[in-house]
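Colleague: Requesting a structural model of the entry that follows:
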Amino acid sequence: MLASTWDPEIVEEVGRAIGVEASYNGIDILLAPGLNIHRHPLCGRNFEYFSEDPLLSGLMAASYVMGVQSTGIIATPKHFVANDQEVNRYIIETVVSERALREIYLKPFEIVVKRASPGAIMTSYNKLNGKYTSQNPWLLEKILREEWGFRGIIMTDWGAGDNPVEQVNSGIDLIMPGGDTYYNRLLEGAKKGELDLKALDQRVERLIELINRITKTKDERRITSIDLSKHAEIAYKAASEGAVLLKNDLETLPLKEGMRIAIFGTGQFETLKSGMGSGHNHSRYTISIYEGLKSSGLIVDEEISNIYEKYVLEKKGKEYLEKLYKDEIYPERLSQDIVPEKLISRSADRNDVGIIVITRISGEGWNRKLAGGDFYLAYDERTLIEKVSREFRRRNKRVVAILNIAGPIEIYSWRDLVDAILLIWLPGQEAGRVIADLLLGRITPSGKLPITFPRDWSTTPVARNPECYPGTPPENPSRVIYCEDTYVEYRYYDTFGVEPAYEFGYGLSYMEFRYRDFNVKIAGDRIEVRFIIENAGKYPGREVAQIYIKGPGIILSRPEQELNGFKKTKLLKSGESEEIYITIDLKDLAIYHPDKKVWIVERGWYEVRVGASSRDIRLRERIYIDRELYYM
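Modeller: Below is the predicted model of the structure:
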């Protein structure tokens, strides 16, 4: 949801609010953010991570870290590195080329280290090309400390790796969660001469420095009172900026106050604010979709909603909903097709719009499934959509789908059955209020997809080869090979001409934005890009302008295009325009040469593309770089 805002400022604001709450609760180190790449669309923790793109991931994470650390709390980017699925995460070996590792998977961590100076980094569970990441001196000492200049502490994930002596020798400062087993093994290693005592001293010095840093300033920076209502407004703002309008035929949205609506699906009561596991949040309250729409000025068909509420309560009890909104509780799937068809017919007569809620959860320790009810619709969901669509459209009424989901699902086969689709991800405690205000046009949707929605699972890059992804098959994998190399998600779709359902960067608005007056030039060691965006519609709104660059690909093959910059406009009134100015360092055009061990900016023509998504390019201009540039 945060990445879908494409707005570093709101992400920093969220981070700052989290830091304030951490300080108020006596917490010194926050084990977040997660910024692994959405390589596997069904990874159970993708809801915790930002994007399939390293630049977007890195910039969002850097803003998050700066926000948290502005309060004196230490942030911990994780999981370093290539922990991009949850299946067998404790032991699985990730096999990936050095080029793909540096250009895709290490890049977001490099950005956050250099831009935000996090106080800590957490390693991942997996092995990387044969070695556990927490026991890999090339990764921890050479890359993280020598090349990037990281000065904070490096900690393990809980119970990661298999050799604490090797972990300390390799660069780990803090083994978590600790205990006598680790202590005794380190003591034994010291006696046998296996433990590098000079390295041990260095690790201890870093921890003492950290402890002193925390304790000396704790009383000064400790926050003793907070305004949680203000934080709720920040959550509301972030969710409203991150919602993505995927479809809006015949100007179905926005709705008008006083319209009669029928809400179908248990998700109107089982509204999901967050995912499961370490990324779960414990909010004071959660406004459900039903509550939000009922209090919005829309007239809710109580007969339909009462059927779903009664069904949920009979199956799970009243305490279930209370726990779902506040605590970590798994929402077991219920049938959605429970309203008799004759009632759907009557509802279509008396209501203006049918709204169908689809929910999906995911969490730590497991990947989502392809089966119906997860990536694909369950039979009862498909049947419900067909019935509602048939009855409402027969009467020239509109149908809207709300996606309260943790990651991509298959939409392509059923999207023609509905007139509008609003993607709200897992939007936090203000969910229902945000959705109501979006549907009514009090807020104009401005979110853009940070991850591709495929037409079908078979079209995804990880599905091309069984070894490319763990899960099915094999059932119990010991390794995963990143066969697609640097062609991750949109880089794959755009390069090989594979049509997605909704492309990276996609997102509609309630109005049209026009792009004009494009100017690109090379000025010293950077590219300067200028253009104007104008709101040509009748509603106020914001647009995310995205810059993609196509390189020569002569020395080494490279994707069709890659994201190299973006900017979200201010709120533009009807007819108002804004000049966008973005600079791109030439070194950010570099590809990594694994044999020469250098980053190279090729000599040749580069096409600079500006668009509303990776497939909706509005402006193009070519520039020529007249010499090769090398960076270590």
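Colleague: list the buried ones in the lowest-mean-pLDDT helix or strand in the chain?
Modeller: In the chain, no helix or strand scores lower on mean pLDDT, DSSP states H and E than helix 318-326, which sits at a mean of 83. The neighbour-count criterion (16 or more other Cβ atoms under 10 Å) identifies 320, 321, 324, 325, 326 as the buried residues of helix 318-326. (C-beta placed from N, C-alpha, C; glycine too.)
Colleague: correct me, but the third one touches residue 267?
Modeller: So the one you mean is residue 324. No - Residue 324 sits out of contact with residue 267 when judged by Cβ atoms under 8 Å, with a separation of 11.1 Å.
Colleague: Identify, by residue count, the longest helix of the chain.
Modeller: In the chain, assigned by DSSP state H, the helix with the most residues is helix 197-221.
Colleague: For that one, what is the distance to the chain centroid?
Modeller: The chain centroid and the centroid of helix 197-221 are separated by 32 Å, computed with Cα atoms, centre = their mean, to the nearest Å.
Colleague: same deal with stretch 425-435?
Modeller: Counting by Cα atoms, centre = their mean, stretch 425-435 is centred 16 Å from the centre of its parent chain.
Colleague: average pLDDT across that stretch?
Modeller: Across stretch 425-435, pLDDT averages out at 97.
Colleague: Name the residues that touch it?
Modeller: Stretch 425-435 is touched from outside by 1, 4, 47, 232, 235-236, 238-240, 242-244, 271-275, 281, 283-293, 296, 402-406, 422, 424, 443, with contacts defined as Cβ atoms under 8 Å, 6 or more residues apart in numbering.
Colleague: Show me just the buried residues among those.
Modeller: Buried among these (16+ other Cβ under 10 Å): 1, 4, 47, 232, 235-236, 238-240, 242-244, 271-275, 283, 286-293, 296, 402-406, 422, 424, 443.
Colleague: In strands, which of the residues you listed appear?
Modeller: Cross-referencing the buried ones among the contacts of stretch 425-435 against strands under DSSP state E gives 244, 402, 403, 404, 422.
Colleague: Look up the closest residue to the third one, ignoring the ones flanking it.
Modeller: Nearest residue to residue 403, sequence neighbours excluded (Cβ to Cβ, 6 or more residues apart in numbering): residue 423, at 4.6 Å.
Colleague: Next, count neighbours for residue 67.
Modeller: Residue 67: 25 surrounding residues under other Cβ atoms under 10 Å.
Colleague: Surely it and residue 20 touch.
Modeller: No - the pair residue 67 / residue 20 is not scored as a contact, 9.6 Å apart, by Cβ under 8 Å.
Colleague: Next one: residue 280 relative to residue 299, how far apart?
Modeller: Residue 280 sits 34 Å away from residue 299, going by Cβ to Cβ, to the nearest Å.
Colleague: before we move on, what about residue 259?
Modeller: In terms of Cβ to Cβ, residue 259 sits 7 Å off from residue 299.
Colleague: Need the pLDDT of residue 271.
Modeller: According to the predicted model, the pLDDT of residue 271 comes to 95.
Colleague: Quick check: phi and psi on it?
Modeller: phi -60, psi 130 (degrees, to the nearest 10).
Colleague: a helix runs through residue 529, doesn't it?
Modeller: No - secondary structure of residue 529, determined by DSSP: H, G, I helix; E, B strand; the rest coil: strand, with no helix assignment.
Colleague: isn't it right next to residue 584, touching?
Modeller: Yes - with contacts defined as Cβ under 8 Å, residue 529 counts as touching residue 584 at a distance of 6.9 Å.
Colleague: intersection of neighbour lists for these two?
Modeller: Residues within reach of residue 529 and of residue 584 at once, by Cβ under 8 Å, 6+ apart, are 547, 565.
Colleague: Neighbour count for these two, which is higher?
Modeller: When neighbours are counted by other Cβ under 10 Å, residue 529 comes out ahead of the other of residue 529 and residue 584, with 25 against 18.
Colleague: ok, and the closest non-adjacent residue to the more buried one?
Modeller: For residue 529, the nearest residue in space outside its immediate sequence neighbours is residue 582; the separation is 4.7 Å by Cβ to Cβ, 6+ apart.
Colleague: Residue 331 now?
Modeller: In space, residue 331 comes closest to residue 270 once its chain neighbours are excluded; the distance is 5.3 Å by Cβ to Cβ, 6+ apart.
Colleague: What are the phi and psi values at that neighbour?
Modeller: Here residue 270 shows phi and psi, under degrees, to the nearest 10, equal to phi -90, psi 40.
Colleague: so it sits right up against residue 312, yeah?
Modeller: Yes - with contact taken as Cβ under 8 Å, residue 270 and residue 312 are classed as touching, separated by 6.4 Å.
Colleague: Please say which of these two ends up with more neighbours.
Modeller: Set side by side, residue 270 and residue 312 give different neighbour counts by other Cβ under 10 Å, the larger being at residue 270 (25 against 21).
Colleague: if I pick that one, what's in contact with it?
Modeller: Residue 270 is in contact with 288, 312, 321, 324, 331, 334, 359, counting by Cβ under 8 Å, 6+ apart.
Colleague: Equivalent analysis for residue 602, please.
Modeller: By Cβ under 8 Å, 6+ apart, the residues touching residue 602 are 551, 552, 553, 554, 555, 591, 625, 628.
Colleague: same thing but at 6 Å, please
Modeller: 552, 554, 555 (Cβ atoms under 6 Å, 6 or more residues apart in numbering).
Colleague: From the residues you listed, pick the one nearest residue 248.
Modeller: Closest to residue 248 out of the contacts of residue 602 is residue 552 (38.6 Å), distances taken as Cβ to Cβ.
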